[in-house]
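[1] Let me see the structure of the following:
(2 chains, ligands or ions: 1)
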Amino acid sequence: MDFSLSKEQRDIVKAAREFAQGEFTGRALEFDRSESFDLDIWRAACDLGFVGTFIAEEYGGAGLGFLEHSLITEEFWAVDPGCGQGVLSVTFGSELLQLFGSEEQKHMVLPELVEGKAIMCSCITEPEAGSDPSRAATTAVRDGDEWVINGSKMFITNGTTAKWALIFAATDPDNSDRHARHSFFLAPTDGPGFQATKLTGKLGIRASDTAEVALSNLRVPADALVGQLGQGFSQLMAFFNRTRLHICAQAVGLARGCLEESVKHLKGRMQFGQPLAGFQVNRFKVAEMATRIRASRNLYWEAAWSMDRGKVDHGLIAMAKWFSARTAVEAADEALQIHGGYGYFDEYKVQRLYRDAKILEIYEGTKEVEKIIVAGTLLG
Amino acid sequence: MKILVLVKNVPEVAEAELEIEQGALDLEDLEMVVNEWDNYAVEEAVRLTEAAGGDVHLMTLGGEDDEDVLRRGLAMGAHSATHLCDEAFEGSDPTTLARVFAAAVKDGGYDLILTGVQSADLGQASTGVLLAQELGLPHATMAIALEPGAGEVTVTRELENNTSEKVALPLPAVVTVQSGINQPRYVSIMGIRKVRKMTIEMLEAGDLGLESQALGREASSVAGQSLALPPVGEGAQMLTGSLDSVCGQAAAILREKGGLA
Ligand SMILES: Cc1cc2nc3c(=O)[nH]c(=O)nc-3n(C[C@H](O)[C@H](O)[C@H](O)COP(=O)(O)OP(=O)(O)OC[C@H]3O[C@@H](n4cnc5c(N)ncnc54)[C@H](O)[C@@H]3O)c2cc1C
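    Here you go, the predicted model:
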């Protein structure tokens, strides 16, 4: 087994870190406080090729693997999760489009994402359908050469900034197989039937846009259907198997940020006449943090590596997702503890990391949902 | 215009815990980064060729892993690179190193040779100047602007107190570049992928026609002796007590040392 990165991958890591340190560090607190983001940073990242590296060369991407995208994600999130999400979530949905979309759809959307001309969003979650997307009640009804979509979507990342939306809607709601009821559609967001409203008051990743989306008589042409009719649910699972790896990378990055801040503080802060780093309880904290980070990273690297070799291991990906998210949440908790009262204020990065971490155990499959998947591979 | 830039990988020490092993900095846990001044020099060279055409060639002298610094510069837009890599170079003083560089550079036909003003690790600020001497070329140091003209280059040099001096040098010439001369670009993924298809020339002492007796510690007149970390506690005085008492003590010290009018 070879756990070392290639020269090119090491270069990518360094380049991503330099960019994030240069562009995120000075702005992160401002974005967090104002729940906003400067899209020029996203454009700059696109100009440098950091966005959509996994998109095939024929669609304008770098044609690199999910591992390379994960390496970039980890570096961005280690510097600031909100900015990391602001920049890298813009392709959320392209993984599905790349797998199942028509050539026409792919050529229309993917190059724009890479070039920084468009953002996309994926509308799956609904007020009544979160962990169980098979209950999604949004409908798409055929009307001549068009589909008419009606429903409401919840917590949609980039809902107000996206030019393109992937929409998960029921096309055969009465099918006895609940995994055959839905289909995906690709729709522009500028039509009259697509109404996104920004949600504010988020706990963390506040630089990232989250919206509520109302779909009322949104009309899309027949060829807006992505892949096969009725295949939406299985497409969604294939999609999550890819995007969950990115969440692992987010988690490992965030946890690493926690470790780095902790080490700095432990060495610098004196109490009882010695640095905090002198107390064994603190030494054990960083030892455990570092161990869990390494374990999380190895877990998801294995999953990403086998994905890039064409083998999708659903159970392994689910393990990596919940474990790395837990690692991040625990690392953030201990990092704040290590900072004492200072960590309770947003002038200190760990306060933001503490708030940012929790989303990792919620989106793209809660930790409970991931464990249901893992258990399913063991117990049926 | 054919430009050569000398670049060096140096350890990032700003926030690192430093340790000394057998008289040298223990590099084990230190991240290696491009020497800051060299990064400005690479950017300047790439900009000059982007504006007026030409080629940028990079050269470094170092161990196997130091190839990183060449790939970085290539990803920024340099066109080719040479890695001088031989154990025989180890322990050489700046004059000896300049001789090595001169041997590698002399037949390159470069119009302009750029180096950083100094390296962050050793700070000798000598490589560019000594190389110019070895090659018999004119040189200027501390460049904060470069304007190439017909057969010459005009260099703005940074002096104390915001003053600057403009000098003109006939080409070929050697110029050492000061930080802040430009805003270096970030390395892009496109740049990194471009490097995939490039081969970096590797040269050993023998390839340069240099005998190993003429290199390294033995051949150097300046011998490194020791490296020391700052003595603990001598640079700083720790004040303890309540906030009021600490403030009082700090004010007293400032007054005593003439810091308060
Ligand atoms: C910031 C943010 C961004 C998001 N971005 C997007 C996006 O871009 N697109 C999109 O479609 N969605 C998005 N989501 C939605 C996200 O994926 C859902 O919130 C998530 O899937 C959970 O659904 P829910 O919130 O309805 O919780 P629920 O499904 O109601 O779950 C509540 C709790 O019950 C637990 N639970 C549910 N079912 C079970 C069970 N069978 N066994 C045990 N425990 C169970 C869950 O694990 C959870 O702890 C985003 C959410 C947030 C907060």
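
[2] Any chance you could note which residues of chain B sit beside chain A?
    B:15, B:17, B:67-68, B:71-72, B:75, B:186-190, B:192-193, B:195-196, B:238, B:240 (C-beta under 8 Å from any C-beta of the partner chain). Bear in mind the C-beta positions are built from the backbone N, C-alpha and C, glycine included.

[3] give the contact list for the residue nearest to residue A:261 when sequence neighbours are not counted.
    Distances taken as C-beta to C-beta, 6 or more residues apart in numbering or on different chains put residue A:350 closest to residue A:261, at 5.0 Å, once the chain neighbours are dropped. By C-beta atoms under 8 Å, 6 or more residues apart in numbering or on different chains, residue A:350 lies in contact with A:258, A:261-262, A:332, A:335-336, A:338-339, A:343.

[4] mind showing which ranges of the stretch 151-261 of chain B have poor pLDDT?
    For the stretch 151-261 of chain B, the stretches flagged by pLDDT under 70 are B:232-235, B:261.

[5] Can you say which of the residues of chain B next to chain A are buried?
    Listed as buried from those are B:67-68, B:71-72, B:75, B:186-189, B:192-193, B:195; burial here means 16 or more other C-beta atoms under 10 Å in any protein chain shown.

[6] Tell me the one among those nearest to the ligand.
    residue B:189 (24.5 Å; C-beta to the nearest ligand atom).

[7] Can you report phi and psi for the closest residue to that closest one other than its chain neighbours?
    Spatial nearest neighbour of residue B:189, excluding adjacent residues (C-beta to C-beta, 6+ apart): residue A:49 at 3.1 Å. Main-chain dihedrals, residue A:49, degrees, to the nearest 10: phi 80, psi 10.

[8] three-state assignment of residue 15?
    Unless you meant another one, I'm taking chain A. helix (DSSP: H, G, I helix; E, B strand; the rest coil).

[9] what helix or strand is residue B:166 on?
    strand B:164-170 (DSSP states H and E).

[10] Okay, now the sheet partners of that strand, with direction.
    When pairs are called by DSSP bridges, strand B:164-170 turns out to pair with strand B:152-158 (antiparallel).

[11] what about the residue lying closest to residue A:302 once chain neighbours are set aside, neighbour count?
    The shortest distance from residue A:302 to any non-neighbouring residue, by C-beta to C-beta, 6+ apart, is to residue A:316 (6.7 Å). Residues contacting residue A:316 under the criterion other C-beta atoms under 10 Å in any protein chain shown number 19.

[12] on that earlier part again, show me the buried ones among the residues of chain B next to chain A that map onto helices.
    The helices, defined by DSSP state H, take in B:67-68, B:71-72, B:75, B:189, B:192-193, B:195 from those.

[13] what comes up buried for the longest helix along chain B?
    In chain B, assigned by DSSP H, the helix with the most residues is helix B:36-52. Going by neighbour count (16+ other C-beta under 10 Å), the buried part of helix B:36-52 is B:36-49.

[14] Would you mind pulling up the elements that that helix packs against?
    With contacts defined as 3 or more C-beta pairs under 8 Å, 6 or more residues apart in numbering or on different chains; DSSP states H and E, helix B:36-52 has these neighbours: strand B:2-6, strand B:55-61, helix B:67-76, strand B:112-116, strand B:139-149, strand B:173-177.

[15] Let's have those in CSV, adding distance to residue B:23.
    Below are the helices and strands packed on helix B:36-52 laid out as CSV (distance: least, C-beta to C-beta, whole Å):
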stretch, distance to residue B:23
strand B:2-6, 25
strand B:55-61, 20
helix B:67-76, 24
strand B:112-116, 25
strand B:139-149, 30
strand B:173-177, 28
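
[16] Of these, which is nearest the ligand?
    Closest to the ligand of these, according to C-beta to the nearest ligand atom: helix B:67-76, at 32.8 Å.

[17] Need the residues that contact the closest one.
    For helix B:67-76, contacts defined as C-beta under 8 Å, 6+ apart pick out A:7, A:10-11, A:14-15, B:5, B:7-9, B:32, B:34-35, B:38, B:42-43, B:46, B:56, B:58, B:60, B:62, B:80-83, B:184-185, B:187-188, B:191-192, B:194-195, B:198, B:200.

[18] which non-adjacent residue is nearest residue B:151?
    With sequence-adjacent residues excluded and distances taken as C-beta to C-beta, 6+ apart, residue B:151 is closest to residue B:171, at 5.7 Å.

[19] Could you verify my assumption that that neighbour touches residue B:150?
    No: using C-beta atoms under 8 Å, residue B:171 is not in contact with residue B:150, being 9.2 Å away.

[20] More neighbours: the two, which one.
    Each of residue B:171 and residue B:150 has its neighbours counted (other C-beta under 10 Å); residue B:171 has more, 18 against 5.
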